[in-house]
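K.L.:
Sharing a sequence plus its predicted fold:
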Amino acid sequence: MNYPNREFGYAFDYKLIDWSDIVLMNNIKDIYESSLRNDIKAKVAAKGYNAKNIKLEIEDDEEYTLKKIDIEIYKNMEKDKKDIETIQNVDINISQKSTENDMQEKLSEKDKRKLKDYLSGVYEIDEKNININ
C-alpha cells in the first residue's frame, strides 16, 4: 500500500513486499546467465575455439533478453601442436611441455566475422552487440 509522503511523493509499505519473490527472481536470472555462458562456451568449442571471459548483458524483462555478449576467443591449437610434436619426435626428441598460452592463437578478422554470424543466429542477437577480443 502506498502512503502519501511530502518529501518523495509516496512511501511504500515494505511489509507488503514478498522479498522471497525478489530473491527467487535474482536466482533464476543467475542460473539462466550461468547456463547461457556454458552453452556459449560449448558451442564455440564445437567450432574448434576456446572461449574465455564471457560477459553477458541481459535485460531484466520476463524473457531475460540477451542484449550483449563480450567474449575472448582463441583458436584451439592443441590438436595441431600434438601433431607437430609427434612428427618432430621422429627426428628430434622434444622434452618441453606446452603451456596454455602456447596453445592459444588470436582469431583473424574473418574468423571473428564467422563466429559473430554464428552466435548472432543461435542467440538471436544483432552482430553489432557481439564483441570478440
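P.N.:
Nice, I can see it.
K.L.:
OK, contacts around D70?
P.N.:
53-56, 131, 133 (CB atoms under 8 Å, 6 or more residues apart in numbering). Quick note: C-beta positions are derived from backbone N, CA and C, even for glycine.
K.L.:
Which per-residue confidence value corresponds to it?
P.N.:
Here, the pLDDT recorded for D70 equals 95.
K.L.:
Would you agree it falls within a strand?
P.N.:
Yes - D70 forms part of a strand when assessed by DSSP: H, G, I helix; E, B strand; the rest coil.
K.L.:
From here on, call the first residue 476.
P.N.:
I'll keep to 476 as the first residue from here, and by that count the last item is D545.
K.L.:
What separation do you get for A526 and K516?
P.N.:
The gap separating A526 from K516 is 5 Å, by CB to CB, to the nearest Å.
K.L.:
helices or strands up against the lengthiest helix in the chain?
P.N.:
Criterion DSSP state H: the longest helix present in the chain is helix 494-521. Packing partners of helix 494-521 (3 or more CB pairs under 8 Å, 6 or more residues apart in numbering; DSSP states H and E): strand 524-533, strand 541-551, helix 584-598.
K.L.:
quick check: angle from that helix to helix 584-598?
P.N.:
140 degrees (axes from the mean of the first three to the mean of the last three CA atoms, to 10 degrees).
K.L.:
Please identify the buried residues of helix 494-521?
P.N.:
Residues 508, 511-512, 515-516, 518-519 are the ones in helix 494-521 that count as buried (16 or more other CB atoms under 10 Å).
K.L.:
and that helix, average pLDDT?
P.N.:
85.
K.L.:
Stretch 592-608 now?
P.N.:
94.
K.L.:
Now do the end-to-end distance for it.
P.N.:
In stretch 592-608, first residue to last residue: 15 Å (CA to CA, to the nearest Å).
K.L.:
Can you pull out the residues in contact with that stretch?
P.N.:
By CB under 8 Å, 6+ apart, stretch 592-608 touches 515, 518-519, 522, 528, 541-548, 582, 587, 590-591.
K.L.:
circling back: let's have the helices and strands packed on helix 494-521 in JSON lines, adding distance to L499.
P.N.:
Putting those into JSON lines (distance: least, CB to CB, whole Å) gives the following:
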{"stretch": "strand 524-533", "distance to L499": "16"}
{"stretch": "strand 541-551", "distance to L499": "21"}
{"stretch": "helix 584-598", "distance to L499": "25"}
